[in-house]
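# Sequence first, predicted model second:
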Amino acid sequence: MIPKVFKEVIDLGHGREISIETGKLAKQAHGSVVVQMGKAMLLCTVVSNYKQSDLDFLPLTVDYREKFAAAGRYPGGFFKREARPSDGEVLTMRLVDRVLRPLFPKDYHAETQVMIQLMSNDEDVMPDALAGLAASSAIQLSDFPFECAISEARVARIDGEFVINPSRSQLKDSDIDMMIGASADSVMMVEGEMDEISEEEMADAIKFAHEAIKVQIAAQLRLAEAFGKKEVREYETAEVNEDLQKRIHEIAYDKCYAIAKKGTSKAERGNAFAEVKEEIKASFTEEEKEEFGHLVGDYYRKTEKEAIRELTLTEGIRLDGRKTDEIRPIWCEVDYLPSTHGSSIFTRGETQALATVTLGTSRDSNKIDMPSYEGEESFYLHYNFPPFCTGEARPLRGTSRREVGHGNLAQRGLKGMVPDDCPYTVRVVSEVLESNGSSSMATVCAGTMALMDAGVKITRPVSGIAMGLISDGDRYSVLSDILGDEDHLGDMDFKVTGTSEGITACQMDIKIKGLSYEILVNALQQARAGRIHILEKITDTIAAPAADVKPHSPKMVTRVIPNEFIGALIGPGGKVIQELQKQTDTTIVINEDPETEEGIVEILGTDQNGIDQVITKIDSLMFKPKVGNSYQVKVIKMLDFGAVVEYMEAPGNEVLLHVSELAWERTENVSDVVNMGDVFEVKYFGLDPRTRKEKVSRKALLEKPEGYVARPPREDNKGRDNRRRDDRKPKNRN
């Protein structure tokens with residue numbers, strides 16, 4: 001039976017379009033779609049259990065995977081099947097999750113899975129920009145309780161013009177790379193990197209992407225209507241007890257307001273809030289606790305949040321006593337770790353990051369092997385968030401998705417300032433030692449200082465700040481340098497990195513509908529003031545990159561050599577290069593460029609003498625004497641028929657100086673003219689046409705003796721043989 005297929009097409013202009021199709025694949029899922037752009041095809045399926053889980057949150061799993069078969073490739077490694085998700089796949093999961101999760105009801109706790117798979121790849125299409133559209137389209141065909149359709153789009157700016165969902169090659173010419181997630185009436189998520197753009201330019205890019213997203217949402221709704229959208233399922237909703245909620249509010253509100261107004265530390269106010277909660281519990285009888293005790297915690301948290309928000313909106317005071325635009329105290333230090341190539345500590349309030357920098361060769365680059373993209377990064381950043389940084393003991397289960405996401409944001413903020421001609425592969429690692437508010441932005445600040453301490457010539461220092469927004473519809477307050485608690489109670493939190501010239505990266509999560517662009521720009525302007533303040537603290541500690549790398553850090557020198565000499569440098573089975581590395585205590589990496597027919601040799605070592613020896617060897621390999629020029633040579637071997645000499649300016653390059661070229665006088669013994677170790681000049685004549693070997697002469701540079709008579713040239717064998725044959729001919733008797 002041929003399935004009935006439903007399809008909608010979205011026109012992106014310039015001959016590009018996106019199609020959304022359902023009815024053909026994965027019909028047992030609660031919703032499934034195939035989203036296609038060019039040859040790229042994503043299959044998205046959604047399933048949600050009909051039974052509520054016992055958890056007090058939504059166990060939502062967003063999974064994005066790229067199949068190697070989609071690009072006609074095999075997975076790398078020993079096991080030839082897809083394994084754990086790559087960092088690129090994890091980042092796409094996070095982009096989709098951040099937009100979807102807030103749109104499920106707070107009391108919906110059924111286990112839910114959104115699975116997105118790249119089934120066919122197109123080199124001109126970046127599939128992560130289609131993942132949000134695919135997820136929302138599948139949910140629209142399901143019976144899930146979901147607030148509204150959403151979509152995501154990538155926006156770039158090329159030659160001053162905004163482009164939706166550009167190709168990877170187009171992105172190379174763009175000064176903006178942002179992913180926007182939104183519903184029809186509200187922007188919900190922003191993440192991306194920029195080339196030092198202004199706050200107004202960023203807002204314009206968001207507006208442009210939002211208009212494209214509205215078109216994508218309209219297509220989803222048409223598809224759902226044609227398919228026949230299901231009735232929203234019924235589920236066990238959360239119990240509501242308005243009397244209990246009012247009672248808790250009356251007991252706790254004023255006390256929470258007073259605690260928040262004191263401006264104490266995280267631990268002190270945490271203890272104070274806990275005492276209020278215990279006091280509330282103590283006011284209930286055992287029967288009341290059994291009846292509705294499970295609601296006390298929820299209603300208390302709601303009251304606490306209302307009190308803190310009102311304090312900020314009414315009095316402009318925050319949990320730790322700061323004003324809305326005030327930055328916590330900052331102290332910094334560089335060169336803290338004696339053995340690293342660069343290090344720094346950045347501490348802001350109760351958040352602290354220790355950053356290290358390691359310098360290496362191209363062999364140390366971060367290899368990216370995904371079906372949709374193969375490449376390598378010469379600058380990358382890793383972010384670690386151990387449990388002790390928040391005073392907790394949690395299981396250690398490898399790198400979390402959060403660590404991947406925060407590290408990627410910090411990397412995007414910094415990488416634009418590492419110049420293209422930096423000879424090193426640079427790895428930055430941030431160890432978060434304390435956390436109470438934006439450790440990712442502390443990572444950016446610590447990373448900037450560590451790079452400068454390491455002697456990496458960054459274009460300009462970068463700082464980062466986390467911002468928040470509280471609004472009740474009529475009033476709003478923008479909060480600079482938010483605390484961890486403020487992250488949860490606000491209506492928007494966003495992180496911005498940048499230099500004195502403009503924004504380099506951002507990440508936003510917007511929780512309220514209809515945020516005006518005027519408020520957004522005001523918030524970004526306040527963030528700029530905070531960034532500049534933090535930047536001043538950074539440059540007070542280290543004003544510019546160190547003039548040179550540290551004495552124990554590796555020095556990097558590169559040499560370009562024609563491909564024809566690479567084999568000689570490597571030697572049979574790598575013997576020459578391995579021995580050279582061992583002798584000089586250096587690392588030598590050779591990268592061939594087939595287009596230019598040249599090789600780039602990277603020489604890395606801590607001892608300059610070792611590096612110089614490698615350079616001398618390379619120069620020696622590439623040495624080509626010119627016909628007619630004179631060169632100084634040294635005798636390195638004595639033979640019966642001449643001396644083997646070595647060019648002084650290219651050790652290792654040898655040539656035979658024949659006995660006949662030693663002097664004008666007849667030479668019986670080579671040692672009568674030269675001896676081992678003698679240094680003198682010879683003239684280079686190129687290839688001898690008779691012997692087809694290189695010819696050099698000492699006597700050519702000497703004055704010819706008076707009365708010298710050259711001996712007649714020796715006849716070759718061919719001439720002698722001809723004479724012999726002539727002698728054997730019979731005489732003419734006539």
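Received it, and whenever you're ready, just let me know what you need.

# Heading C-terminal from the longest helix anywhere in the chain, find the next helix or strand.
Longest helix in the chain by number of residues (criterion: DSSP state H): helix 199-227. The element immediately downstream of helix 199-227 (helix or strand, assigned by DSSP states H and E) is helix 242-261.

# Buried residues in that following helix, which are they?
The neighbour-count check on helix 242-261 (16 or more other Cβ atoms under 10 Å) flags 244-245, 247-249, 251-253, 255-257, 259-261 as buried. Backbone N, C-alpha and C define where each C-beta goes, glycine included.

# pLDDT on it, on average?
What helix 242-261 shows for mean pLDDT is 91.

# and whatever helix or strand comes next after it, what does it pack onto?
Using DSSP H and E, the helix or strand that directly follows helix 242-261 along the chain is helix 266-282. Packing contacts for helix 266-282, counted by 3 or more Cβ pairs under 8 Å, 6 or more residues apart in numbering; DSSP states H and E, involve helix 242-261, helix 296-315.

# tilt between helix 266-282 and helix 296-315?
Angular relation of helix 266-282 and helix 296-315 on a 0 to 180 degree scale: 130 degrees, by axes from the mean of the first three to the mean of the last three Cα atoms, to 10 degrees.

# what sits up against helix 266-282?
Applying Cβ atoms under 8 Å, 6 or more residues apart in numbering, the contact partners of helix 266-282 are 248, 251-252, 255-256, 259-260, 262, 264, 289, 293, 296-297, 300, 304, 319-320, 350, 436, 483-485.

# For residue 418, see how far away the residue sitting nearest the centre point of the chain is.
Centroid-nearest residue in the chain: residue 380, 4.7 Å away (criterion: Cα atoms, centre = their mean). Distance, residue 380 to residue 418, by Cβ to Cβ, to the nearest Å: 10 Å.

# likewise residue 687?
Counting by Cβ to Cβ, the gap from residue 687 to residue 418 is 49 Å.

# So these two - more neighbours on which side?
residue 418 (18 against 11; other Cβ atoms under 10 Å).

# Tell me, how many residues neighbour the closest residue to the more buried one other than its chain neighbours?
When the adjacent residues along the chain are set aside, residue 418 lies closest to residue 379, with 4.8 Å between them (Cβ to Cβ, 6 or more residues apart in numbering). Residues lying near residue 379 (other Cβ under 10 Å) number 20.

# before we move on, what about the one 4 residues further on?
The burial count assigned to residue 383 is 26, neighbours taken as other Cβ under 10 Å.

# next one: the one 3 residues further on
Residues within reach of residue 386, counting by other Cβ under 10 Å, total 14.

# For it, give me its contacts.
Per Cβ under 8 Å, 6+ apart, neighbours of residue 386: 396, 431-432.

# what's the lowest-pLDDT member of those?
Among these, residue 396 has the lowest pLDDT, at 87.

# circling back to that earlier point, can you tell me which of the buried residues of helix 242-261 is nearest residue 644?
When the buried residues of helix 242-261 are ranked by distance to residue 644 (Cβ to Cβ), residue 260 comes first, at 88.7 Å.

# Tell me who's in contact with that closest one.
Counted by Cβ under 8 Å, 6+ apart, residue 260 has contacts 269, 307-308, 311, 317, 319.

# Which of the contacts of residue 386 ranks first by neighbour count?
Taking other Cβ under 10 Å as the neighbour criterion, residue 432 ranks highest of the contacts of residue 386 with 24 neighbours.

# Residue 413 versus that one, what's the distance?
For residue 432, the distance to residue 413 - Cβ to Cβ - is 16 Å.

# Quick check: phi and psi on the residue nearest to the centre of the chain?
phi -150, psi 160 (degrees, to the nearest 10).

# Hmm, residue 429 and it touching each other?
No - contact between residue 380 and residue 429 fails when scored by Cβ atoms under 8 Å: they sit 9.7 Å apart.

# how about low-confidence regions in this structure?
710-734 (pLDDT under 70).

# Quickly run through the sheet partners of the helix or strand containing residue 428, with directions.
Following DSSP H and E, one finds residue 428 within strand 425-434. Applying DSSP bridges, strand 425-434 is found paired with strand 351-360 (antiparallel), strand 379-384 (parallel).

# any idea which of those strands is most buried?
When you average the neighbours per residue for each of the strands paired with strand 425-434 (mean count of other Cβ atoms under 10 Å), strand 351-360 leads with a mean of 24.

# after it, next one along is what?
strand 366-370.

# tell me what the helix or strand just after that following strand is packed against?
The first helix or strand that comes after strand 366-370 along the chain, using DSSP H and E, is strand 373-377. Counting by 3+ Cβ pairs under 8 Å, 6+ apart, the packing neighbours recorded for strand 373-377 are strand 366-370.

# do that again at 10 Å, thanks
Under the contact definition 3 or more Cβ pairs under 10 Å, 6 or more residues apart in numbering; DSSP states H and E, strand 373-377 sits against strand 366-370, strand 425-434.

# ranking the ones you listed by burial, who's on top?
strand 425-434 (a mean of 23).

# how far is that one from where the chain is centred?
Centroid separation for strand 425-434 versus its chain: 13 Å, with Cα atoms, centre = their mean, to the nearest Å.

# quick one, it and strand 373-377 angle?
80 degrees.

# Take strand 425-434, keep the C-alpha atoms, and write them as CSV.
C-alpha atoms of strand 425-434 as CSV (Å, rounded to 0.1, in the frame of the first residue of the first chain):
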residue,chain,number,x,y,z
THR,A,425,48.3,25.1,17.8
VAL,A,426,46.9,26.6,21.0
ARG,A,427,44.9,24.7,23.6
VAL,A,428,43.3,26.6,26.5
VAL,A,429,41.9,24.7,29.5
SER,A,430,39.7,26.3,32.1
GLU,A,431,39.4,24.7,35.5
VAL,A,432,36.4,26.2,37.3
LEU,A,433,37.4,26.3,41.0
GLU,A,434,34.4,28.2,42.3
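
# partners of residue 645 in the sheet?
Going by DSSP bridges, residue 645 forms beta bridges with residue 635, residue 655.

# That one and residue 682, how far apart?
7 Å.

# Surely the residue nearest to residue 418 touches residue 456?
Yes - counting by Cβ atoms under 10 Å, residue 379 touches residue 456, with 9.0 Å between them.

# Now render the strands paired with strand 425-434 as JSON lines, adding distance to residue 277.
Converted to JSON lines, the strands paired with strand 425-434 look like this (distance: least, Cβ to Cβ, whole Å):
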{"stretch": "strand 351-360", "distance to residue 277": "26"}
{"stretch": "strand 379-384", "distance to residue 277": "33"}
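
# quick one: which of those is nearest residue 530?
strand 351-360 (14.0 Å).

# Off-centre distance for the closest one?
Distance, centroid of strand 351-360 to centroid of chain: 15 Å (Cα atoms, centre = their mean).

# With stretch 255-262 instead?
For stretch 255-262, the distance to the chain centre is 43 Å (Cα atoms, centre = their mean).

# cool, stretch 240-251 as well?
That offset, for stretch 240-251, works out to 49 Å (Cα atoms, centre = their mean).

# try stretch 258-266
From the chain centre to the centre of stretch 258-266 is a distance of 39 Å (Cα atoms, centre = their mean).

# end to end, how far does it reach?
With Cα to Cα, to the nearest Å as the measure, stretch 258-266 spans 15 Å from end to end.

# on that earlier part again, C-terminal to the strand holding residue 428, what's the next element?
helix 439-454.

# now that following helix and strand 379-384, what's the angle there?
Using the same axes, to 10 degrees: helix 439-454 against strand 379-384 is 130 degrees.

# Convert helix 439-454 to CSV, retaining C-alpha atoms only.
Output of helix 439-454 as CSV, limited to C-alpha atoms (Å, rounded to 0.1, in the frame of the first residue of the first chain):
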residue,chain,number,x,y,z
SER,A,439,31.9,30.5,35.1
SER,A,440,31.9,30.5,31.2
MET,A,441,32.5,34.2,31.2
ALA,A,442,35.2,33.9,33.9
THR,A,443,36.7,31.3,31.5
VAL,A,444,36.9,33.9,28.8
CYS,A,445,38.6,36.5,31.1
ALA,A,446,41.0,33.9,32.4
GLY,A,447,41.7,32.6,28.9
THR,A,448,42.5,36.0,27.6
MET,A,449,45.1,36.6,30.4
ALA,A,450,46.6,33.1,30.0
LEU,A,451,47.0,33.6,26.2
MET,A,452,48.8,36.9,26.8
ASP,A,453,50.9,35.4,29.6
ALA,A,454,51.9,32.6,27.1
